[in-house]
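> sharing a sequence plus its predicted fold:
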Amino acid sequence: MKVGGAVIFQNPLNQRSDYDVYQDDLRLGDLYEPLGFDSIWSVEHHFDDYTMCPDVLQFLSYYAGRTKHIKLGSMVVVLPWHDPIRVAEQVSVVDHQSNGRMILGLGRGLARIEYEGFRIEMGESRERFVEYAQMIIEGLEKGYIEYNGKFVQQPRRDIRPKPFKSFKGRTYAAAVSPESSRIMARLGIGILIIPQKPWEAVAQELNEYRTIYKQVNGGEPLPTIAAGWTFCDKSADRAREMAVKYIGGYWQTALRHYEMAADHFGKAKGYEYYEQMAKNLQGAGKDASIEYFLNLQVWGTPEMCFNKIDEIRKRVNADHFTGVFSYAGMPIEDAEKSLRLFAKEVMPEVKKLNGVRAEAA
């Protein structure tokens, strides 16, 4: 099994300067390759303190030059906010800079603040995502893009630098709603799981995804990549205390950024699934909502962290786990200590695990 690490640049309630947040998180990012991680990731978000990486491909380009071997993953590029031919060009540049180390993760976004900031109707997001994803996926294989769609009429133009190796087998998309999972199956790409709902529900939807994938594409889909907010400590009690404070704190920033308690949430076309999800969370109360999110994540002693990752691996056929180690204003010293303990005692054991399919064979 592969192990990655993510850097997300959170500055909740703007308690620090953005500059200081960047310096600390880049310091953590510089540790991933020396400590033996297989991949480094970041996320795309805009306009507020939730996370401050507005261009994940620019971030990966930076690390393409600072590293030699580690894979470079986008978690995710939010396609409706971009010109698809420019995304294809930028992806090809990162792949050239890194000698083919890019893992391409795509998504469609959820926050009103971001859609309004880019002057895009949220109700168009699903159609835009499918159209843009088709353009980019096909273009990276052919070396050019030509497309006549609802949103883009693209005359044939070459992607330069020309992609020098296939992105098949290394293209994923984040999918939370069941309909999104079906779309990814038809596109022939893997699933990147950013945990927001019970693993049992994720596993059930993945079964439908695999069935559709086999019907449309033939053969087996890629194993999933699973992410998780991670805290590792020798003491179970301290791990629990820190998880409640900081993983729970992260969850509060997500609820604010996505406005899950607002009347409009989940009302846009294509987001109907989220409306019911928000109702469930709102009815639970703050403490129960935090506990719900904690149960999805990876925290505890090294043994507890390993067992949780193994459980996730089995539930969703994951062969790659990506931990987020700095979030919600956690002091850099605590984040680094947790990261180093995880790398020393958890990661070597996780890497010994086979993918579920290989284990079954």
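Alright, I've got the coordinates. Numbers count the residues shown, from 1 in each chain.
> next, the residue nearest to Gln154 when sequence neighbours are not counted: secondary structure please.
Leaving out its chain neighbours, the residue that sits closest to Gln154 by Cβ to Cβ, 6 or more residues apart in numbering is Tyr147, at 4.4 Å. (Glycine included, C-beta is placed from N, CA and C.) Following DSSP: H, G, I helix; E, B strand; the rest coil, Tyr147 is assigned to strand.
> which residues touch Tyr147?
Residues in contact with Tyr147 (Cβ atoms under 8 Å, 6 or more residues apart in numbering) are Glu131, Gln134, Met135, Gln153, Gln154.
> which one of those residues is nearest to Asp287?
Among those, Glu131 lies closest to Asp287 (Cβ to Cβ), at 42.0 Å.
> what about that closest one, which helix or strand?
Remark: Glu131 resides in helix 125-142, with elements defined by DSSP states H and E.
> and that helix, which residues are buried?
Residues 125-133, 135-137, 139-140 are the ones in helix 125-142 that count as buried (16 or more other Cβ atoms under 10 Å).
> same check on stretch 58-70?
By neighbour count on 16+ other Cβ under 10 Å, the buried set for stretch 58-70 is Phe59, Leu60, Ser61, Tyr62, Tyr63, Ala64, Thr67, Ile70.
> filter the residues you listed down to the ones in helices?
Phe59, Leu60, Ser61, Tyr62, Tyr63, Ala64 (DSSP state H).
> which non-adjacent residue is nearest the first one?
Same thing as Phe59. Using Cβ to Cβ, 6+ apart and skipping the chain neighbours, the partner closest in space to Phe59 is Ser42 (4.6 Å).
> returning to what we had before: between all of the contacts of Tyr147, which two are separated the most?
Farthest-apart pair in those is Gln134 and Gln153; separation 14.0 Å (Cβ to Cβ).
> those strands in the chain, which residues are they?
Here the chain has its strands, by DSSP state E, at 2-6, 39-42, 71-74, 77-78, 102-107, 144-148, 153-158, 171-174, 190-193, 224-232, 298-300, 318-324.
> need the ones you listed in a markdown table with distance to Asn354 and mean pLDDT, can you?
Output for the strands of the chain, formatted as a markdown table (distance: least, Cβ to Cβ, whole Å; pLDDT from 0 to 100):
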| stretch | distance to Asn354 | mean pLDDT |
| --- | --- | --- |
| strand 2-6 | 12 | 98 |
| strand 39-42 | 18 | 98 |
| strand 71-74 | 19 | 98 |
| strand 77-78 | 30 | 98 |
| strand 102-107 | 20 | 98 |
| strand 144-148 | 38 | 98 |
| strand 153-158 | 41 | 98 |
| strand 171-174 | 20 | 96 |
| strand 190-193 | 18 | 96 |
| strand 224-232 | 15 | 97 |
| strand 298-300 | 19 | 98 |
| strand 318-324 | 8 | 97 |
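> Serialize the ones you listed to a markdown table and add fields for distance to Glu205.
Shown next, in a markdown table, are the strands of the chain (distance: least, Cβ to Cβ, whole Å):
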| stretch | distance to Glu205 |
| --- | --- |
| strand 2-6 | 23 |
| strand 39-42 | 22 |
| strand 71-74 | 22 |
| strand 77-78 | 21 |
| strand 102-107 | 16 |
| strand 144-148 | 29 |
| strand 153-158 | 32 |
| strand 171-174 | 13 |
| strand 190-193 | 9 |
| strand 224-232 | 11 |
| strand 298-300 | 21 |
| strand 318-324 | 14 |
